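Sequence and predicted structure below; questions after.
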Amino acid sequence: AQSVTQLGSHVSVSEGALVLLRCNYSSSVPPYLFWYVQYPNQGLQLLLKYTTGATLVKGINGFEAEFKKSETSFHLTKPSAHMSDAAEYFCAVSVGMDSSYKLIFGSGTRLLVRP
Amino acid sequence: DTGVSQDPRHKITKRGQNVTFRCDPISEHNRLYWYRQTLGQGPEFLTYFQNEAQLEKSRLLSDRFSAERPKGSFSTLEIQRTEQGDSAMYLCASSKQPWQTTYEQYFGPGTRLTVT
């Protein structure tokens, strides 16, 4: 069965510093992986996705993530944090084996950006 | 493309009452998913539809929960005899058919349910 683990429920960085949010997945088949961002009292917005092809994927707002099969990881990075990046971030894997493609989410990482 | 919409955005109800939420997906999307998100957790899958057919229900979806998508467009999620444990954010998402897309789902703003 697929699962997702996000290390660190809270990450705090200074404005302008590197952002690194960690995600490890478990999947018995090649995974489809996603990062979503959620602002308070709002739904989830897709940041980026990996399905096939290039393992370094770029998303919106300057975020990118690298799929590393050997490490079963899909960590999210951004070179320079902005105050507007403060939000909750969710990593998710899509379940395709049963044709549902439902998403299995990690428990989330809250990013705090200090001025 | 107006995005996924959900109504109401907030609902406060007393324990034992019935509530119904509505989701309008992106118009050309055949698949519609419902998730539940409790405080401090990631969303959890509840059920999904392909067109009007409900193809899977999670074990989280007790007998008090029912979902419909009568004409393959909007969907409703009803909770009967609400309990305090039903308090959560209910999220709806939609997507194209798997072979038409790269599997991403687009989420609505959610309905926050508070049961008192």
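On my side now, so go ahead.

C-alpha only now, for contacts and for neighbours.
Noted.

what about A:A17, how many neighbours?
15 (other Cα atoms under 10 Å in any protein chain shown).

helix/strand/coil for it?
coil (DSSP: H, G, I helix; E, B strand; the rest coil).

In chain A, what residue lies closest to chain B?
Among all residues of chain A, A:G43 sits closest to chain B, at 3.9 Å; criterion: Cα to the nearest Cα.

Please name the nearest non-neighbouring residue to that residue.
Nearest residue to A:G43, sequence neighbours excluded (Cα to Cα, 6 or more residues apart in numbering or on different chains): B:P109, at 3.9 Å.

That neighbour against A:L44, yeah?
Yes: taking contacts as Cα atoms under 8 Å, B:P109 lies within contact range of A:L44: 7.4 Å.

which helices and strands sit right next to whichever strand or helix holds A:Q45?
Assigned by DSSP states H and E, A:Q45 belongs to strand A:44-50. Contact analysis of strand A:44-50 by 3 or more Cα pairs under 8 Å, 6 or more residues apart in numbering or on different chains; DSSP states H and E lists strand A:32-38, strand A:56-58, strand A:64-68, strand B:106-107 as its packing neighbours.

Could you single out the most deeply buried of the ones you listed?
With neighbours taken as mean count of other Cα atoms under 10 Å in any protein chain shown, the helices and strands packed on strand A:44-50 reach their highest mean count in strand B:106-107, at a mean of 24.

How far away from the center of its chain is that strand?
11 Å (Cα atoms, centre = their mean, to the nearest Å).

So B:R36 sits against B:F45, correct?
Yes: contact criterion Cα under 8 Å: B:R36 and B:F45 qualify, at 6.6 Å.

hey, what's residue 56 bridged with?
As the question left the chain open, I've gone with chain A. On the basis of DSSP bridges, A:L56 is bridged to A:E66.

if you could check chain B rather than the one you did, that'd help
Counting by DSSP bridges, the residues bridging with B:E56 are B:Y48.

count of residues packed around it?
The burial count for B:E56: 16, using other Cα under 10 Å.

Then B:E68?
17.

is it in a bridge, and if so with what?
Beta-bridge partners of B:E68, as defined by DSSP bridges: B:T76.

Now do the contacts for it.
Under the criterion of Cα atoms under 8 Å, 6 or more residues apart in numbering or on different chains, the contact partners of B:E68 comprise B:52, B:54, B:75-77.

same thing but 7 Å
B:75-77 (Cα atoms under 7 Å, 6 or more residues apart in numbering or on different chains).

same deal with B:T82?
B:T82 sits in contact with B:15-18, B:115, where contact means Cα under 7 Å, 6+ apart.

distance of the closest residue to chain A within chain B from B:S27?
Distances between chain B and chain A by Cα to the nearest Cα are smallest at B:P109, namely 3.9 Å. To B:S27, B:P109 is 16 Å away according to Cα to Cα, to the nearest Å.

ok so, going back, report the secondary structure state of the residue of chain B closest to chain A.
Applying three-state DSSP: B:P109 is coil.

Need phi/psi at it.
As for B:P109, its main-chain torsions (degrees, to the nearest 10) stand at phi -80, psi -10.

So which bits of the strand holding A:Q45 are buried?
A:44-50 (16 or more other Cα atoms under 10 Å in any protein chain shown).
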